[in-house]
Structure formats: structure tokens, C-alpha cells
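Participant: predicted coordinates and the sequence they were generated for:
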Protein chains: 2
Amino acid sequence: MTTNSSPQLWLYDTTLRDGTQREGLSVSIEDKLRIAKRLDQLGVPFIEGGWPGANPKDVQFFWQLQEDPLKQAEIVAFCSTRRPNSTAATEPMLQDILAAGTRWVTIFGKSWDLHVTTSLKTTLEENLAMIRDTIEYLRSQGRRIIYDAEHWFDGYKHNPDYALQTLEAAIASGAEWLVLCDTNGGTLPHEIGQIVQDVSSHLSFVTCQETMTKDNGQRIIPQIGIHTHNDSEMAVANAIAAVMAGAKMVQGTINGYGERCGNANLCSLIPNLQLKLGYSCITEDQLTQLTEASRFVSEVVNLAPDEHAPFVGLSAFAHKGGIHVSAVERNPLTYEHIQPEQVGNHRRIVISEQSGLSNVLAKARSFGIDLDQLKAEAKEILQRLKDLESEGFQFEAAEASFALLMHEALGGRQKFFEVKGFQVHCDLVEGKETSNALATVKIAVDGKNILEAAEGNGPVAALDAALRKALVNFYPQIATFDLTDYKVRILNGHTGTAAKTRVLVESGNGRQRWTTVGVSTNILEASYQAVVEGLEYGLLLHSQAEAAVKAST
Amino acid sequence: MTTNSSPQLWLYDTTLRDGTQREGLSVSIEDKLRIAKRLDQLGVPFIEGGWPGANPKDVQFFWQLQEDPLKQAEIVAFCSTRRPNSTAATEPMLQDILAAGTRWVTIFGKSWDLHVTTSLKTTLEENLAMIRDTIEYLRSQGRRIIYDAEHWFDGYKHNPDYALQTLEAAIASGAEWLVLCDTNGGTLPHEIGQIVQDVSSHLSFVTCQETMTKDNGQRIIPQIGIHTHNDSEMAVANAIAAVMAGAKMVQGTINGYGERCGNANLCSLIPNLQLKLGYSCITEDQLTQLTEASRFVSEVVNLAPDEHAPFVGLSAFAHKGGIHVSAVERNPLTYEHIQPEQVGNHRRIVISEQSGLSNVLAKARSFGIDLDQLKAEAKEILQRLKDLESEGFQFEAAEASFALLMHEALGGRQKFFEVKGFQVHCDLVEGKETSNALATVKIAVDGKNILEAAEGNGPVAALDAALRKALVNFYPQIATFDLTDYKVRILNGHTGTAAKTRVLVESGNGRQRWTTVGVSTNILEASYQAVVEGLEYGLLLHSQAEAAVKAST
């Protein structure tokens, strides 16, 4: 349990940079912003946003965060040391870093002599100059520096003297954190622990020798961080071995996303560090958001959540029949290593499938509906929710659909319009560049039937256009709505195109955004459901806002 | 590297018992027999087959193995200690164990006082009697005993004296292995290491005190084993910590299958122990079968392989960025912690936006195309690749489409059929449960036009069905193809339904799987492109296989 006296650790999330190196994962700027905000809420103090300059998307991302900054977290720009035989001040890459406008910059440099000569094709001396020059220049521009020592452990094992010289160069030029990276993921925990100890004692020797007074007059005593990869299935164990040997910063990603076998999984690291080893990383309250944050990120990046993930997986606290269940019900300690609620997960009894009333209540409160007094409705909503989830619906990332569901269960779902049916026709003819899509919709507003048709460059765009055309005369505010994101997930992938499809649609009105969900074996029907609910929820928000204006005047 | 002098470790696989506790995993007797044989080939010396008596399937399984025994491995029956206040000789459960006809039996008993009183509802003394009596009885029937000390680490932490008494009871009655189990998966490596050391020193004291001469006249010096679960993402690290503290048997499962978050993953444990720590578990040759064994087991239990699994995953040795790839080709050590071939995996060069020319060349070689001589074509392919990726195509997960692209650039793309166009019609009428989809396709084979139509429960399923109908008369092998996965990703999400859609389709022919990609603003067109290329690549594989057969005969 974390207390005021628990030793502090600094979390550093790299989901948005190293995490996106995972094969098959790609994110839009919008996705990255949503994830950054969620990590900020979760209490992660350092969020690495990307490598501006190396990637046009990342430049945009940092600019957008300058307009609309995070609440608590430091957003960090990532970059390599300058190129060999150049100067930092004239390096365009570093100008992009400065333009990103972050307080903190992470600079990675080579620790391993083999990499200096093989990958960089330069001299060991020039590599030290590259580290020094890059950090000094960024410091002179007012940046604070985290130095990532790439391939640290392999480098140290091959040539400890040279590896230590690279760290000394980083210290001398003003880096505040020295992050030891197991870039290839091949090191085992006992080696990590030993090497971190060696480095710690070497560094205290170095920092004792030279009392460094830097441009801002502050004495900088660098601290050690750890960055591990999972190639030996050791990323989490290695990070913990480093912390136990004195590291104070832990780098990792949500759900362990990352290149090859992934990075250290923050969803396992945080509870291990906090609940088992007594370190303080985030508040207890933030820790209870961990499971939701994990699932949120997997939804945003459109990857199926790992149901067997430690701590946050659907099966992490699942108990099968018999003695096991009755024992765990008498005393959870018998079969559970932590209380699932501490990480926002819950016990699942696989047969009886009992879960979630408290989730429903909590969610209802988040929509301003107090269900505590209405236990019967809460149970009904829970049942409806479970039925829908077993059909493939998922409300984790579709809160607007969940809100509509609750209003319906409480008898207060406003009928803005009624859906009668739709038709879509699509054809592609040889030689023609693009295919046409034509949609016809039939809806009823105030008992009046409206038939409307529209074209689009795809069937869902055509459906959306036809719906808007049909509704805009009744609800002119629909002209301000837009569809900001559209995601499709195939459920039960192994049945191929005959599988169920889940569609998430994000809509906006310029001020707010909301997400709705649709499920069907027919992707067009699923899309239609989600688009229709997206319009409905937008109309609901508008009418609530109007009611609030009236009430206040 | 393993040598003759490498210390020996005994592997114990429990995929067929603990592994099948994984939620969503179920196996037939036939499946279990296939897996047991594969594990035998892999050189695993102990294979736990199940709990005969608790499960009729398991009774059958052991009988079938008596008819057709394994070549090398010991098949082990698993069972609990007898019930409280009974006798082992009259316990029907133990008669089932004897009927299984194995040389070795694993008996699990309670180590944790809390479990004795809460789950078994008996006295601490009776639990010791249950352990002694059960093991003595099975020994008297000629069985050799592995004793699994359930909840060992939690029990030892709560009441070390009592926990040690349970082990002493097992030793005194003739158990040859004492397996310490972290049943709830909550223990961390430093605790595991410390406790295994404590137990080792206690045991050498006990075994020194009493020189046990048993019925067969042999002196039994029990050894320690380790059984870990992954609830803290520590199963592999914990098993290794135990081995480094003296454990000589390692229990785990293929792919880490198991209840909740799984068991220790043998596919990670074996290479770590053997390649990094110098223990001897299986032969070097058997180690090269590890990747295949992992995929074989996932196929048999019908779970998608984890592409990001350490050592054996498809992405475990995948390389993205350009510099990265040229470095790894110059010296694999720079970015690979082991040689992938040591575990039967291979390096993969991933094609993506960040690809340099070296990626394209490396990829071409993996498809049997030597581009080194054809620099101009390589550059052209790279340019085409970059153009397509900027349009939204993504080849890192669609290698079959990339192979077709290369064949096209080199002028060798075989035309199995030509696409003339398609039409899709879809409608949903108020009150009707599901929507219809009707697809019409027009294709040409050998200059002959074919028009074909089919229905489906969604537009893509209808398109796929129509294409197959049109082609199967010309290419009967299409009947063996199936669509195994279908993924949709919306690009430039912020433009909503007008955005581009990328579709990935995975197809299979029972032996191989391949993935193709399509991109369009129209989701149906993108799906169509990917489905069409999936069929084309399947036909290409088939014709290559036929050519290979002809060449060899």
C-alpha cells in the first residue's frame, strides 16, 4: 500500500513513440491526442509524444498540444544525438525538436562501441562529442534533458569503460536523467540488477568528483531510469530488478505495445511497484483507472485487448467452478494475489457471470444520473448491457450509446426521429477510377415519413449524407455535427467475412465529441446503427444545452 | 550454448492439464494425443497428461497412451491428496490414478494453513497425514512421486514452519521431487529466489538428519522443482529465479497457456535457460523445433498464435526502420539478442513507410527473388511502395500483396483472372431482423467473361461468395481456401465516413496463411481488392507448389 512515506518513482510512458513501433499498430494525430489525455488523467508524469521531424504526424501532434496543453504531465519530444561531423546548432532535426515547444527532451545516444562503428560509422570519440554537443545545445535553448542510453546493457557487457564514458558525457553536458536501455531485450534480471548497481556506484563517484554548476545555476545530480524490452519475456521483471537496484524512472508502454515482442508493460509494472513493493507512482484513485485506461488505449489503436493480460485482462481475476469459487468467495486471499478493484478490474466467476453493478452505478453517475436510489433499474440496465455485450457490443469506448441505453431503461429516451429502413447500392465498373455508392433512407419525424437519397464516395458516407439530408430541415443544428472518427473491428475473426462487425463512430459538434457503437454481421448495418445513434446523441446534447440556457435566463 | 558439462534441468510440461484451464481453450482426446506426441519429439522429459478420474476425457487419454506409448517422455498422471478422514487405499480417485498406468504420479497437496482450514476444512495435522498416506500408498503400488506443493510461496510467507512440515511429510513418504508452486502468481522473483534458497538449505538439513531407506532399497534425495503463474507478468522470471537458486525441475506450458493470465511459458523459458544461462534441457536440434511446436500447439487448440510472443512469435525478430535493417544485416548482434534460427524462427524485414532500400532487398530475398542485380527495379519497387503507403496501403501486415507487387514490378505477375467490376446491393427494412446483401461480380478468365451473383449476411461475405462461385470451375483448389481473418482500419479518422478505409484479409489453405490489403474511400471496394488479391495469392502458392512437385519428380 502506498503511503506518504513511500519512495517516489517517476513513470515515463512511451506508448506514443516506442509503442507505435509495434507491427500492425498505426495511429492518427487524433488518436495520439486522446491517448495523451488519458495518460495525463492516469497520472503519468512524463509522456513521450514522438519524434518531431522524423515524422510529419508528430510535428502536428506537438503543435496541437501547444494549443491545448495537458493538465499535469510533461509531454516529451524524442530525438537522436546530432549526426556525426556536424554541429548541433545547425542540425535541422534539432530545430524541429525546439519547435515542438516541450520543456523536456529525450535524447538517445549510442552506448555500445559496436553500434558506434557499425551503425553510425564514426569514431568512439565523435560519438561522445555528439552526445555532449547535442545535450549542451538543447540545454542552452532552455530544455531539460533525459538521456536514453541505447543498447546500454549490451554495450556495458562488451566495453564497460566506453559505455560509462558515454554516460559521463551526458552528465557533464547537463542531462538530468540517465535511462539505461535494454534495447534488444536480451538481458536477464540478475544482470540488470548487477549492472544498475555498478552504474549507481560509478555515478555517485563521478558526481562527487565534479560538482556541476550549470547555466541555470542549479546543481544537477542525474538519476537513473530503466527502459526494457520483452524479447526474453523479462521486460517487467527487468524493470523491477533495476528499480530494486536504485533506478528512479521506469519507462514502458500501455499494454506493453512496442517493436517485436513489445516494451515493459506499464499495466503490470505500476501495480507490481505500487501494491507489492510499496513505491509511489500514481495515486490510489488513479490506480483504479488502470484497467479502463488499458482498454481505452487498445480501442483507440484498434487492437483487441489481451484477455489474459495480468492485472487488467478480462480473465485476470476469473475463477472457474467448484471449490475454487466457494473458497475465493469465503476468502479472496486464497486465490487472488491482489484485490482486483485496486486496479479497476473485477473478479469474474466464469459460470455465474456476475459482475459490474458498481460499474453501471459509477458510469451512471458520470452521466449525471443517480441510480443509487433506483436499484431495480440499475439491475435491468446491467442485464441489458450484458446481453448486448454478449452480442458483441462494447460500451467501454462508446459512452454515448451507453447513455442512450440508460435513458431508455429509465423511460426518458427522447425520440427525435424514427428509423424505417435503408438501402445501399454500390458498383464498380472496369476502367472507372472510383466506385459509386448510393444510399436511400426512410425515417419518420413527428409521425411524418421522409424518404431521402444521397451519394457518397463510400456506402457509409452515402448513408450518413442521406440521413443528414432527411433530418436537417427538422433539426438545423445537424449542419454543425461532423463525423470525426470511424473504427471497425471484426469480432470472432476466425469466421472471416461472415463474422460480426463492431463499428465505433465518433461525432462532434465543434465543442464536444461523443462515440457510439453498432454491431451486426453486415458492416453497413452496424455502421448505420452507430451513425444514427451519433446523430441522436448530438441532438440530445443540443436539447440539453438549450434547456440549460432557458433555465439560466 | 549447451555443452556436455552443462548442468541438467528437467522440463515438465502441463499444457494438457493446467494449460487447458485457460478460458476459451478446449481440447479433444485426439488433440491431447497430438500435443503429447509433439512434446515428446521436442524432448520434454515429463508430460502431465491430466487428472484421470476427475475428467472422463483424461481416463481415455491415458488408456490410449498405454496402447501407443510415447517414445521418450514420461507421461504423468495428476491428482490431489486423498480426502480428509479417509484412507488412501480405499480412495476411488487413487484407483483411477493407478489405472492410468503411468510410472510417475504428481500429487498436489496444501502448503498454506489458511487453505487447509478454509478450503479443505480440516486440521493441519490431518493435512500432513493426507500427504503422507497418499504418497506412501502410491509408492507401495510401485509409483514414483512428484509432489506439487500448492500455494507454496503464500503458505511459506504466512506460516513457514507449517509449510516446511508439509514438505517433510512428502519427503518422509518417498516423494522424489518437491515442486514449489506459486499458484496465485503473486510472488516476485527476489522472493522466489530467497525462499527456494531457504527451502534448499532446510532440506539438506532434513535429508542429512534422516537417511531414508525406502521399500526399493534406494536412498531418495528429493530435488526441488518450480511451478509459476503469470498473474504479475513474472512467471518466466520467477521460474528462472528458482533455477538460479537451485531448482532442478521447471514446470510450464507451451505458449504460456493456463488459467487467468497463464502459466510459465516454456517457449520463453527453454531458450532463456539454455541459450543464456547455459543449462541443458533439450538438444540443440530439438530447440530448433521450438517455433514450430509453439505454432503447432496453437493450431491444435485453435487459438491465434501470439505474433508478439518472445522467441517464437512472427514479430519476435522483425525489423522496421531502414538504418536498423542495414545494421542488422551487417551484424545481427546489433539488434538481435539471439540468432532466430536457434529456436527455429527467422528474421523478418518489415515493409513500411520507414523502409529503406535495404528492407526491400531483404524482403525480396525472402520471397526467393534476387534484386541485388536489379538495382533499378528495387528502386522502382521502393518508390511504388512509398506511393501506395502514402495513399494508405500498409504492407507490413500484408506480405502477400507486397509479393504480388514485386512480381508485377518485375513483369512476372501471373494473371489467373481479371476483374471487370462488381455491384453490391443491401437493404434493411423496418421490422425485419437482418439485412440482406446481394453481390454481382464480373471477371474474365482466359478471355472469357463470367458474371456471377451471390447472397451473404453482409456485403463482403456476398462479394467473397460471388467471386468463389465465379472462379471455382476454373480453379477447383479455391474450395480449400478460406478467409481466416478480416480487419478494417479507417485512415485519416478525422474526415469521418468520407475517410479512406484500409482492409486486411487473411486467407488460408489449411497449411499456409497469407494476408492481403485493399484501400479505398469505399469500404466495399477496399474489401474487394483485398479479397481478390487473397484469392490470387492462394492460386500463386498452389501453382508454385505444383511446379515444385513437377520439378522434384
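Facilitator: On my side now, so go ahead. Numbers count the residues shown, from 1 in each chain, chains lettered A, B, ... in the order given.
Participant: excluding chain neighbours, what is closest to A:Thr102?
Facilitator: Nearest non-adjacent residue to A:Thr102, counting by C-beta to C-beta, 6 or more residues apart in numbering or on different chains: A:Ala77, 4.7 Å away. All C-beta spots, glycine's among them, are computed from the backbone N, C-alpha and C.
Participant: which of the three states applies to that neighbour?
Facilitator: Look at A:Ala77: counting by DSSP: H, G, I helix; E, B strand; the rest coil, its state is strand.
Participant: what's near enough to touch it?
Facilitator: A:48-52, A:62, A:97, A:100, A:102, A:104-106 (C-beta atoms under 8 Å, 6 or more residues apart in numbering or on different chains).
Participant: list the beta-bridge partners for it.
Facilitator: A:Ala77 has these beta-bridge partners by DSSP bridges: A:Gly50, A:Val105.
Participant: and the gap between it and A:Asp485?
Facilitator: From A:Ala77 across to A:Asp485, the span is 25 Å (C-beta to C-beta, to the nearest Å).
Participant: tell me how chain A divides into domains.
Facilitator: A:10-20+A:30-300, A:418-552 (automatic domain parsing).
Participant: any idea how far apart the tips of the longest one sit?
Facilitator: The reference is to domain A:10-20+A:30-300. 25 Å (C-alpha to C-alpha, to the nearest Å).
Participant: point out where the stretch 151-300 of chain A drops to low pLDDT.
Facilitator: Within the stretch 151-300 of chain A, the segments meeting pLDDT under 70 span A:205-220.
Participant: of all residues in it, which one is closest to chain B?
Facilitator: Across the stretch 151-300 of chain A, no residue is closer to chain B than A:Gly186, which sits at 2.5 Å (C-beta to the nearest C-beta).
Participant: give me the pLDDT for the closest residue in space to that residue that isn't next to it in sequence.
Facilitator: Computed as C-beta to C-beta, 6+ apart, the closest residue to A:Gly186 that is not its neighbour in sequence is B:His337, at 2.5 Å. pLDDT for B:His337: 94.
Participant: same check on A:Ala548?
Facilitator: For A:Ala548, the model assigns a pLDDT of 85.
Participant: circling back: reformat the contacts of A:Ala77 as TSV; add neighbour count and pLDDT.
Facilitator: Listed next are these as TSV, based on neighbours: other C-beta atoms under 10 Å in any protein chain shown; pLDDT from 0 to 100:
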residue	neighbour count	pLDDT
A:Glu48	26	98
A:Gly49	26	97
A:Gly50	27	95
A:Trp51	20	93
A:Pro52	26	92
A:Phe62	22	96
A:Ile97	26	97
A:Ala100	26	96
A:Thr102	23	97
A:Trp104	19	98
A:Val105	24	98
A:Thr106	26	98
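Participant: distance of A:Gln423 from chain B?
Facilitator: A:Gln423 sits 4 Å away from chain B, going by C-beta to the nearest C-beta, to the nearest Å.
Participant: enumerate the positions of the helix or strand where that residue lies that are buried.
Facilitator: In the assignment (DSSP states H and E), A:Gln423 maps to strand A:418-429. Neighbour-count burial for strand A:418-429 flags A:419-428 (criterion: 16 or more other C-beta atoms under 10 Å in any protein chain shown).
Participant: save those as CSV, and put in distance to B:Ile171 and pLDDT too.
Facilitator: Formatted as CSV, the buried residues of strand A:418-429 follow (distance: C-beta to C-beta, whole Å; pLDDT from 0 to 100):
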residue, distance to B:Ile171, pLDDT
A:Val419, 73, 87
A:Lys420, 77, 89
A:Gly421, 75, 89
A:Phe422, 74, 89
A:Gln423, 77, 90
A:Val424, 73, 89
A:His425, 78, 90
A:Cys426, 74, 87
A:Asp427, 78, 84
A:Leu428, 75, 80
